[in-house]
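Enquirer: sequence and predicted model, in that order:
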Amino acid sequence: MSKLPIVYVRGYAGPTTGIDSAVDDPFYGFNSGGTHVRVNGDGDPEFYQFEGPMLRLMMDEGYQLLVRGGQDAYLNSVPDGGLSNAQASIWVYRFYDTAADTFTAPAKRPFLDGLFHHAEAEVSAPGFNVEGAATGLYDFIKEILAKTGAPKVNLVAHSMGGLIARCMLQKISQTPDPGGQPRTPGAELVDRFFTYATPHGGIVFTAGAINQLEQVVGPAGSEIFAPHNMYGYLTKGANWGDAPPQGWDPRVVPAEIFDPDRIFCLVGTDPQDYGLSRVVIGPQSDGLVRIQDAQLTNPDTHRAYVYRSHSGRYGIVNSEEGYQNLRRFLFGGYQVAIRFGALDIASTGADTAGADASAAWQADLRMSVRGLPVVMDEQLAAHYCPIQLTGELAADAGQDGLVPLTDVFLLPPGAGPGPTPNRCRFALQLRVFRVLERNGLFDFTYHLEQVADWDDTLIADIGYPDGAPTTGEPQVWAAWNSAVSGVLAANDPIRDEPLQLAGSRYEIPLPETARAILGGGSTLSFTVNQRPPSGAGGDS
């Protein structure tokens with residue numbers, strides 16, 4: 001499968017000064033990188049440099065960035081099919097340009113009036129609204145496909161840009177154009193959809209704090225992100241101000257409109273490195289969007305959690321964690337779904353604190369891929385997002401003892417020299433602990449800070465035996481780090497024999513120390529799906 005064009009859609013830029021700053025950047029901020037300090041072998045701090053997601057796509061995947069003085073103008077200057085050699089290209093949807101003072105005289109009315117006022121009379125007036133931007137995105141994608149000959153594009157969006165993209169997929173592409181002609185459904189235009197910190201569930205503020213937030217982001221700045229208002233621009237046939245039906249959830253993309261398996265939500269969990277909004281949003285957020293609202297609730301949608309803020313110097317977009325998740329979702333050859341299996345916490349007799357105590361079990365998770373300097377997924381109590389084992393088992397999804405942990409996307413393995421040719425390796429650290437409350441207060445009577453009831457790391461290979469062709473169904477090799485004696489590089493924990501397939505899943509028993517807590521038959525299971533990668537490269 002050849003690589004597809006990538007279309008970037010940025011997020012909210014704030015008042016006119018912020019819009020002007022965004023417009024002055026040729027790539028709307030998606031080209032920024034960062035430097036971070038790491039400690040070397042001598043204990044000295046050294047810089048680690050991340051080049052930025054656009055440059056990395058050009059370096060790692062051979063993408064082109066076609067500007068020629070302006071991407072829109074360049075597209076308009078070539079005939080249909082004139083860019084057939086540029087399907088692997090990056091395009092920035094510059095929807096803010098018409099609202100900036102950079103190119104026009106000062107607006108006749110404040111930009112935010114256009115952004116947050118959705119009266120029918122304003123649809124074609126100066127300014128901007130979500131549906132207008134979504135219509136422009138639809139036209140931009142159609143133009144890219146016509147000029148490159150690509151069958152589809154990949155959409156990558158930050159924050160409000162994800163809502164613009166969803167409006168295009170869920171409403172604009174489902175609605176006839178002004179001439180009454182049907183539009184192409186979004187699922188036929190977009191292959192995969194990746195969101196950074198998009199408020200899929202809106203932005204929810206603490207009571208009495210609306211006025212404080214409006215002083216930060218501008219007048220009426222919260223209206224577009226109110227969950228009940230999102231119904232108007234995410235639903236075919238609905239209008240701004242229409243009341244959503246009972247039970248409508250903005251965090252659901254209808255499967256008949258776009259396959260949730262083709263969506264990935266990257267969720268930030270660091271509220272500290274953001275502006276004043278973090279005060280009114282609360283700690284369980286990226287500083288602007290709550291963790292629970294930065295993801296879709298469709299069961300098949302993919303997600304990962306990274307300790308990054310909503311935007312800024314240490315923001316989620318221009319981070320190594322963001323890029324590595326994006327690259328593997330777009331170009332990964334394997335998708336590995338990891339689950340706890342056959343959990344039976346209630347039968348272990350572990351909760352002996354007394355009838356007046358409330359005990360719940362949680363798990364911390366860290367997932368890393370060999371060869372990368374970052375953790376790909378961190379679901380930690382310290383970051384306000386541990387896996388709620390007790391809650392999952394009480395829900396319908398956990399009735400069979402299966403608790404979803406994470407999905408791992410891996411690039412196709414390289415066949416050249418390396419520690420394990422033809423295989424991708426990742427590690428999954430798991431820590432299980434109990435939270436005890438009595439009379440509504442934390443009970444630390446039996447507590448040892450930072451000591452988990454069970455703590456171990458699984459090391460797993462996905463791929464093919466040494467010397468075997470990299471075709472057919474991949475296999476899984478796995479072992480627990482606690483069984484390794486010595487340095488990992490010199491004492492490979494992976495056994496010669498792969499795991500055995502149990503139905504549709506591979507399974508490995510939990511260590512005895514874990515089974516004493518999580519149930520005697522508890523396992524860790526893997527479901528491996530091969531996905532057609534759209535680019536080269538690999539994890540070895």
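Expert: Now that the structure is in, tell me what you want to look at.
Enquirer: gap between the helix ranked longest in the chain and the chain center?
Expert: For the chain, the helix with the greatest residue count under DSSP state H is helix 130-148. Between the mean C-alpha location of helix 130-148 and the chain-wide mean there is a distance of 23 Å, by C-alpha atoms, centre = their mean, to the nearest Å.
Enquirer: packing partners of that helix?
Expert: Helix 130-148 is packed against strand 6-9, helix 71-77, strand 89-92, strand 153-158, helix 160-170, helix 227-234, with contacts defined by 3 or more C-beta pairs under 8 Å, 6 or more residues apart in numbering; DSSP states H and E. No exception for glycine: its C-beta is placed from N, CA and C like everyone else's.
Enquirer: pLDDT below threshold where in the stretch 1-150 of the chain?
Expert: Per-residue confidence of the stretch 1-150 of the chain (counting by pLDDT under 70) places the weak regions at 1, 103-128.
Enquirer: that one: helices as residue ranges?
Expert: According to DSSP state H, counting those that start in this stretch, the stretch 1-150 of the chain carries its helices in the segments 16-24, 53-61, 71-77, 111-116, 130-148.
Enquirer: and of the helices and strands packed on helix 130-148, who's closest to residue 332?
Expert: Within the helices and strands packed on helix 130-148, the stretch nearest residue 332 is strand 153-158; the backing value is 12.7 Å (C-beta to C-beta).
Enquirer: hmm, back to that, between the helices and strands packed on helix 130-148, which one is closest to residue 136.
Expert: Each of the helices and strands packed on helix 130-148 was checked against residue 136 via C-beta to C-beta, and the shortest separation belongs to helix 160-170, namely 8.8 Å.
Enquirer: helix or strand next in line after the longest strand belonging to the chain, which one?
Expert: With DSSP state E applied, the strand covering the greatest number of residues in the chain is identified as strand 423-438. The first helix or strand that comes after strand 423-438 along the chain, using DSSP states H and E, is strand 441-442.
Enquirer: can you list the residues that contact that next one?
Expert: Residues outside strand 441-442 that contact it (C-beta atoms under 8 Å, 6 or more residues apart in numbering): 435, 436.
Enquirer: direction included, what does that strand pair up with?
Expert: Strand 441-442 has its sheet partners listed here by DSSP bridges as strand 423-438 (antiparallel).
Enquirer: and the strand it pairs with, average pLDDT?
Expert: Model confidence over strand 423-438 averages 92 on the pLDDT scale.
Enquirer: how about that strand: buried residues?
Expert: Buried residues in strand 423-438, defined by neighbour count with 16 or more other C-beta atoms under 10 Å: 423-436.
Enquirer: redo those as JSON lines? Include distance to residue 20.
Expert: Formatted as JSON lines, the entries for the buried residues of strand 423-438 read as follows, by distance: C-beta to C-beta, whole Å:
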{"residue": "423", "distance to residue 20": "50"}
{"residue": "424", "distance to residue 20": "45"}
{"residue": "425", "distance to residue 20": "47"}
{"residue": "426", "distance to residue 20": "43"}
{"residue": "427", "distance to residue 20": "45"}
{"residue": "428", "distance to residue 20": "45"}
{"residue": "429", "distance to residue 20": "45"}
{"residue": "430", "distance to residue 20": "48"}
{"residue": "431", "distance to residue 20": "47"}
{"residue": "432", "distance to residue 20": "51"}
{"residue": "433", "distance to residue 20": "49"}
{"residue": "434", "distance to residue 20": "53"}
{"residue": "435", "distance to residue 20": "48"}
{"residue": "436", "distance to residue 20": "53"}
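Enquirer: out of the residues you listed, which is nearest to residue 161?
Expert: Closest approach to residue 161 among the buried residues of strand 423-438 (C-beta to C-beta): residue 426, at 29.5 Å.
Enquirer: look up how far residue 296 lies from that closest one.
Expert: 24 Å (C-beta to C-beta, to the nearest Å).
Enquirer: residue 407 contacts residue 334, correct?
Expert: No: shown here, residue 407 and residue 334 do not form a contact pair, counting by C-beta atoms under 8 Å, at 10.3 Å.
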